[in-house]
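**Student:** no sequence on this one, just coordinates:
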């Protein structure tokens, strides 16, 4: 299979590249090419490079007594409506509340902002005292947790979110990978 592919590549190169010179003994060159690949893959240095750590991504259990809010915003492109969605779950992953909301015409950043803001509002109205907020928007999480400084006017929703965070409850805001936030993503979409 590899030999056929390599010969086919030479055929293509001879057609489309004017300066390509076809080897006089293509079979020998192909076998050397394959041998070089085999030598590289058997090299211990190459094998060390190939070792990868498996990271399992998904919803992670949290401390008893805490509630997790997964939130996301969605925007499909210019001229389309944006939306957001959130869900609240207990430490065993059991559903508490969730929602989706069309928020009109805006960009994805503002859709994400609306998701966090409306999720915090819902959690506050549910009298939750210990809340973990997870979003797959790293920029937004950094902005809210002051890990990111920016010049200019702070968006109104960011200020409103900061007010929620300063109320009399314990809130942690964390970034999660998109795969760990798939349920909120489904709601938002």
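**Tutor:** Received, thanks. For clarity, every value in this text was computed on a predicted model and none was experimentally measured. Residues are numbered from 1 along each chain as shown.
**Student:** can you confirm residue 73 is in a helix?
**Tutor:** No: with DSSP: H, G, I helix; E, B strand; the rest coil as the criterion, residue 73 is strand rather than part of a helix.
**Student:** how much space is there between it and residue 33?
**Tutor:** 49 Å (CB to CB, to the nearest Å). Backbone N, C-alpha and C define where each C-beta goes, glycine included.
**Student:** Output the below-cut-off pLDDT ranges for the chain.
**Tutor:** For the chain, the stretches with pLDDT under 70 are 1-17, 20, 40-41, 45-52, 54-59, 150, 182, 184, 186-189.
**Student:** Could you pull out the helices in it for me?
**Tutor:** 2-16, 26-42, 44-50, 108-125, 138-144, 156-165, 182-188 (DSSP state H).
**Student:** who has more neighbours, residue 73 and residue 33?
**Tutor:** The residue with more neighbours, out of residue 73 and residue 33, is residue 73; 31 against 13, by other CB atoms under 10 Å.
**Student:** wait, doesn't that one sit right on residue 115?
**Tutor:** Yes: between residue 73 and residue 115 there is a contact at 4.5 Å, judged by CB atoms under 8 Å.
**Student:** List the contacts of residue 80.
**Tutor:** Taking CB atoms under 8 Å, 6 or more residues apart in numbering, we find residue 80 in contact with residue 105.
**Student:** Kindly recompute the last result at 10 Å.
**Tutor:** By CB atoms under 10 Å, 6 or more residues apart in numbering, the contact set of residue 80 is 74, 105.
**Student:** Would you report the backbone torsion angles of it?
**Tutor:** phi -110, psi 160 (degrees, to the nearest 10).
**Student:** any idea how far it is from residue 176?
**Tutor:** Residue 80 is 25 Å from residue 176, by CB to CB.
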